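K.L.:
When you get a sec, could you give me coordinates for this:
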Amino acid sequence: MTSFLKGHGTENDFVIIPDPANAVALPPSAVAALCDRRAGIGGDGLLHVVRSAAHPDAAHMAAEAEWFMDYRNGDGSIAEMCGNGVRVFARYLQHAGYVTTGDLAVATRGGVKHVHLDKEGLVTVSMGRAALPAGEVTVTVGDHTWPARHVDMGNPHAVAFVDDLAQAGPLYDPPPFAPASAYPQGVNVEFVVDRAPRHVAMRVHERGVGETRSCGTGACAVAVAAARRDGVDPAVTGSPVTYEIDLPGGRLSITERPDGQIEMTGPAVIVAEGVIDADWFASVETVNP
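P.N.:
Numbers count the residues shown, from 1 in each chain. Next up is the predicted model:
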C-alpha cells in the first residue's frame, strides 16, 4: 500500500510520496501517471521523501541532512532542484512529525539546502549562490526575440525582461533559445515585467512541465537578474537586497546577501492525503516510459 499527499507552494503543486527506506519503485512512467491531472493525482512534479542514507544519490550527504528530496518533473524526468518543492517538502516533514518549527537541512541533487519553518507558517529556504555564466542568450516567442540573462541556481534559467507578460504567449511548449549550446539539457525560461522598485512579476516555462503557477528557483534567478540589471550587487555594496516577486500563484520574497547566499521566503501548504490504488499503481509502474 502506497500512501501519498498533495501540497503546494504558491500554487506550484506536488504529489508527495513518503518513502523513508527508498522502497517504492518510481520509474518515469509512474511519476508521469501520478502527476497527470486527468488520469492521476495531478501535480507539477513529485516529491519522493527518502532518508538520505537510503538513496544512492544522497548517501554522501547523510551526515549533513537526514532527508533527501528526490525530485521529479511532471513528465517523470529527474531535476536537480525545486525551490517551491523544498518548502513543501519541509512542510510535509513537519506535518508528519519528523521536525518542528525551526531549522533543518534537506539534501537535494543541487546540494544541501537549509530551511527555516517559522511560527507564522512561512518557510525560508537558503537556496545557495547564483552562478552567472558568460555569453549572450536570446529567447523567442512568435515574432518577438529578447536578450536573456543566464542564471544558474543549481538548475538553468534564462531570464527575459519584457513589456507585457502576455508577450510570453501560452507557454505550452518550450520557448526557443539561442545558442543551443547554452542549455544542452534544456532550460527554465522566465518572462519578467516591472511593478515597482524592487518589485517584479513573472511567468515561467519550466522544462519538462510547461507553464506553472510558480517556480522558486525561477524567482531567485529573476531577483538576481533584476538586481544586476538595476546595477545592484550585494557583494559590492555590502548590503542585502530584497525583491518581491509576483507569480500567478502568489508572492515570494527573495533576498540576496553580501556573501552571495540567496534566501526565498513563502508559504507551503499540505492539502490532502490518501492511498494509491494498488492495482492502478502496479499497472503504471510497468508501462514503458
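
K.L.:
Could you list the low-confidence segments of the stretch 151-289 of the chain?
P.N.:
Scanning the stretch 151-289 of the chain for pLDDT under 70 picks out 286-289.

K.L.:
Let me see the ranges of the strands in it.
P.N.:
Assigned strands in the stretch 151-289 of the chain, in chain order: 156-161, 177-178, 188-196, 199-206, 210-211, 241-247, 250-256, 261-267, 269-276 (criterion: DSSP state E, counting those that start in this stretch).

K.L.:
Return the distance of the fifth one from the chain's centre.
P.N.:
Mean-position distance between strand 210-211 and its chain equals 13 Å (Cα atoms, centre = their mean, to the nearest Å).

K.L.:
partners of it in the sheet?
P.N.:
strand 199-206 (antiparallel) (DSSP bridges).

K.L.:
now what about the partner strand, what contacts it?
P.N.:
If you take Cβ atoms under 8 Å, 6 or more residues apart in numbering as the criterion, strand 199-206 is touched by 44, 73, 165, 168, 171, 174-175, 188-195, 211-212, 214-215, 218-219, 222, 226, 243-248. Every C-beta, even on glycine, is put in place using the N, C-alpha and C of the backbone.

K.L.:
Can you select the buried ones from those in ChimeraX?
P.N.:
Remark: buried members of those, expressed as a ChimeraX selection using 16 or more other Cβ atoms under 10 Å:
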select :44,73,168,171,174,175,188,189,190,191,192,193,211,212,214,215,218,219,222,226,243,244,245,246,247,248
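
K.L.:
What sits closest to residue 89 if chain neighbours are left out?
P.N.:
Leaving aside its sequence neighbours, residue 89 sits nearest to residue 69 (Cβ to Cβ, 6 or more residues apart in numbering; 4.7 Å).

K.L.:
give me the number of residues near that neighbour?
P.N.:
Per other Cβ atoms under 10 Å, the neighbour tally for residue 69 reads 26.

K.L.:
cool, and residue 124?
P.N.:
19.

K.L.:
partner residues bridging it?
P.N.:
Bridge pairing for residue 124 - DSSP bridges - gives residue 116, residue 265.

K.L.:
close enough to count as contact, it and residue 264?
P.N.:
Yes - with contacts counted by Cβ atoms under 8 Å, residue 124 reaches residue 264, the gap being 6.8 Å.

K.L.:
can you give me the helices for the stretch 1-150 of the chain?
P.N.:
Counting by DSSP state H, counting those that start in this stretch, the stretch 1-150 of the chain has helices at residues 28-35, 83-95.

K.L.:
Pick the most buried one from those helices.
P.N.:
helix 83-95 (a mean of 26; mean count of other Cβ atoms under 10 Å).

K.L.:
export that helix as CSV, just CAs?
P.N.:
Coordinates of each C-alpha in helix 83-95 appear next as CSV, following Å, rounded to 0.1, in the frame of the first residue of the first chain:
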residue,chain,number,x,y,z
GLY,A,83,12.6,25.8,-4.7
ASN,A,84,8.9,25.6,-4.1
GLY,A,85,9.3,21.9,-3.7
VAL,A,86,11.8,22.3,-0.9
ARG,A,87,9.3,24.4,1.1
VAL,A,88,6.5,21.9,0.6
PHE,A,89,9.0,19.0,1.4
ALA,A,90,9.8,20.7,4.7
ARG,A,91,6.2,21.3,5.4
TYR,A,92,5.5,17.6,4.9
LEU,A,93,8.3,16.7,7.4
GLN,A,94,6.6,19.0,9.9
HIS,A,95,3.1,17.6,9.1
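
K.L.:
report the angle between the axes of that helix and strand 269-276?
P.N.:
70 degrees (axes from the mean of the first three to the mean of the last three Cα atoms, to 10 degrees).
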